[in-house]
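**Student:** with the input below, show me the fold.
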Amino acid sequence: MPSRLKTARLTLRPWSDSDAEGHSALFAERGDGPLPVERSREIIAAQLAAAASTGIALLPVDRRDTGAFIGYCGLLVGRASLDEPEIAYELFRSAHGHGYATEAASAVLAAASTTGRGRVWATVRTWNAPSFRVLEKLGFERDHVSADHRGELVWLTRALPRARRSA
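**Tutor:** Numbering: from 1, shown residues only. As a prediction, the model looks like this:
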């Protein structure tokens, strides 16, 4: 999967050490308390290593008009598998409601379809109505519900079109 994707309004690119402060601020918006910037650097390093070994990644999302980091979107093994990865996205609250998550995730799904994968998963907490709306727009369908120590988790799936191979 490409490590750089462009849409009309967004650029998805590889992580860099300079993203640590933005990553830390995004984590803090979750309400779990501040994440030290050094811990964000460790998470970014782990994500870069995972991308190098799996060929899939979570990518920072920047607005093309301002260059501002607004979150991330991409694929990961997560609760799924390398053959059928999980899509994930998280944006700053100030970026909600502008269609950025749908736009970024559409680009990721298009890139995923070129890898020969047949399906992508998503997992969403039952309270996260905005993520359900994004996934519905992208053609995901509910598959099943599971539970863990944080509560119910809805699993959704979407088939990917098979990329045509040249003869």
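
**Student:** look up how far Arg39 lies from Ser113.
**Tutor:** When C-beta to C-beta, to the nearest Å is applied, the distance between Ser113 and Arg39 equals 34 Å. All C-beta spots, glycine's among them, are computed from the backbone N, C-alpha and C.

**Student:** off-centre distance for stretch 48-63?
**Tutor:** The chain centre lies 9 Å from the centre of stretch 48-63; the measure is C-alpha atoms, centre = their mean, to the nearest Å.

**Student:** run through who's touching it.
**Tutor:** Residues outside stretch 48-63 that contact it (C-beta atoms under 8 Å, 6 or more residues apart in numbering): 1, 3-5, 9-15, 19, 22, 47, 68-77, 82, 85, 88-89, 91, 100, 104, 108, 112, 115.

**Student:** quick revisit: show me which of Ser113 and Arg39 is the more surrounded one.
**Tutor:** Neighbours were counted for Ser113 and for Arg39 using other C-beta atoms under 10 Å; Ser113 has more, 17 against 14.

**Student:** so for the longest helix along the chain, mean pLDDT?
**Tutor:** Using DSSP state H to assign secondary structure, the helix with the most residues in the chain is helix 37-54. In this model, helix 37-54 has a mean pLDDT of 94.

**Student:** then stretch 69-81?
**Tutor:** Along stretch 69-81, the predicted confidence averages to a pLDDT of 95.

**Student:** if we go by neighbour counts, what in it is buried?
**Tutor:** If you call a residue buried by 16 or more other C-beta atoms under 10 Å, then stretch 69-81 has these buried ones: 69-76, 80.

**Student:** of those residues, closest to Leu153?
**Tutor:** Minimum separation from Leu153 among these (C-beta to C-beta) is found for Ala80, which lies at 12.2 Å.
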